[in-house]
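Visitor: For reference, the sequence and a predicted model appear below.
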Amino acid sequence: MAENDGRSTQPVIVAARDEWLRDAGGREYIDVSMGYGSVWLGHNHPAVTRALVSQLERYAAPGYLPTGTLEAAEAALRQFIPDTHYLGGIYSTGMEAMETALRAACVHTGRTAIAGFSDSTHGRSFVTAAIGGESSTGGFEFVHRLPSFAAARPNELTVGLRQLAQRAALAAIVVEPIQMTGGGYEIPEAVCTALFGLAREYAIPVLFDETLTGLYRCGRQFFFEGTGGVPDLLVIGKGMGNGFPCAAVVLRKGFTWDRKKVRPGSTFWNHPLACVAVTTTLQELRRLRPMDKVREIEAVITAVLGRLELRGRGAMWCLRVPDSARQADFAQRILHAGVIVSYYEGYIRLLPPLTIGLDVLAQACDTIRKSYADTFG
């Protein structure tokens, strides 16, 4: 067992399959954290594992010479992204993809100011963290932050957006449509409509960070598909490689992607292992009737936990903890009962895989419900 800040012990995980983890002592746990949502098709998915092993045996180094893996990944992604858009590249993290997308927006517009919403999470670099209000530096003059979806009424956010568009030469407005580190609040429909309208009026690119909401996690293929607008830039990540670190930048056709100006490349850009993980994951995802299964997952979670303060949709949910001081104890109680969750500043997060058995999910949710009652009364 490994120490966890001196207060408790955590299991040492030695094996995983589907929605299950096994520790060094042989005990199994239901995993509804799933690598913070990155393992979308379950642990050790056989097709993804075979593809990675096969590529690893052939060629697994970064480089600029073609291997055919990027072309295959691009073809797989074309089945998901709008016909009006194209793939810019595959990156090692969502943060790196976000930074690259922001550079593309600045080059395309000739502007440097960026707007975002508080309580969003776009990465841990200085700039990506500052957009959501997490920068340890106190922020940057070129980053403008609007209130969170929870902190302001829709009309206040709409007015704030217009005022900001009028006074700042924005290169991009960045949106995480469901703020999973902000309590599961989602962008209000009226704000989304106003945002796309202002973007057209002031020629401001819209960047949707669908790192977590994309690829059916929120029910739709992408969240933006229900908004009536289409973003100029899209960042996809998390489950795209079923746990293998990768993310992608997708751009509207005609959007600037000049390699000398945008400088989109990096050492691990379009890495062959990431590309085969993407190709195989997306091919498998297509076969799993994802919209129907996500609807079933949502029904189970809301049926068991819906009486508590629960926010989210599809297969991504935040359960509010009534006493933040007892949050770690709550999570530890759930763990001891055999369920793995993640938690963040007053919320337990549920991110089950698409492949989870509905009876297993119900069991996990019931464990969480009972642990909630035992912890908070």
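Guide: Thanks, I have the structure now.
Visitor: And for Pro352, the neighbour number?
Guide: Residues near Pro352, counting by other CB atoms under 10 Å, number 29. Quick note: C-beta positions are derived from backbone N, CA and C, even for glycine.
Visitor: same deal with the one 5 residues further on?
Guide: When counting by other CB under 10 Å, one arrives at 13 neighbours for Gly357.
Visitor: Ignoring the adjacent residues along the chain, who's closest to it?
Guide: Leaving aside its sequence neighbours, Gly357 sits nearest to Glu19 (CB to CB, 6 or more residues apart in numbering; 7.1 Å).
Visitor: Tell me who's in contact with that neighbour.
Guide: Contact partners of Glu19, counting by CB atoms under 8 Å, 6 or more residues apart in numbering, are 30-32, 34, 42-43, 352-353, 355-357, 360-361.
Visitor: repeat that for 6 Å
Guide: 30-31, 42, 353, 356, 360 (CB atoms under 6 Å, 6 or more residues apart in numbering).
Visitor: Pull the most distant pair out of those residues.
Guide: By the measure CB to CB, Ile30 and Gly42 form the most distant pair in those, at 11.8 Å.
Visitor: mind checking how far Ile114 is from Leu285?
Guide: To Leu285, Ile114 is 31 Å away according to CB to CB, to the nearest Å.
Visitor: in the longest helix seen in the chain, what's buried?
Guide: Identified as the longest helix of the chain according to DSSP state H is helix 358-376. Residues 360-361, 363-365, 367-368, 371-372, 375 are the ones in helix 358-376 that count as buried (16 or more other CB atoms under 10 Å).
Visitor: Kindly export it (C-alpha atoms) in PDB.
Guide: Coordinates of each C-alpha in helix 358-376 appear next as PDB, following Å, rounded to 0.1, in the frame of the first residue of the first chain:
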ATOM      1  CA  LEU A 358     -25.100  -1.100 -16.300                       C
ATOM      2  CA  ASP A 359     -25.500  -3.400 -13.400                       C
ATOM      3  CA  VAL A 360     -21.900  -2.600 -12.300                       C
ATOM      4  CA  LEU A 361     -22.600   1.100 -12.700                       C
ATOM      5  CA  ALA A 362     -25.700   0.800 -10.600                       C
ATOM      6  CA  GLN A 363     -23.700  -1.000  -7.900                       C
ATOM      7  CA  ALA A 364     -21.000   1.700  -7.900                       C
ATOM      8  CA  CYS A 365     -23.700   4.500  -7.700                       C
ATOM      9  CA  ASP A 366     -25.400   2.700  -4.800                       C
ATOM     10  CA  THR A 367     -22.100   2.500  -3.000                       C
ATOM     11  CA  ILE A 368     -21.600   6.200  -3.500                       C
ATOM     12  CA  ARG A 369     -25.100   6.900  -2.200                       C
ATOM     13  CA  LYS A 370     -24.600   4.800   0.900                       C
ATOM     14  CA  SER A 371     -21.200   6.400   1.600                       C
ATOM     15  CA  TYR A 372     -22.800   9.800   1.200                       C
ATOM     16  CA  ALA A 373     -25.400   9.000   3.800                       C
ATOM     17  CA  ASP A 374     -22.800   7.500   6.200                       C
ATOM     18  CA  THR A 375     -20.600  10.500   5.800                       C
ATOM     19  CA  PHE A 376     -23.000  13.400   5.800                       C
END
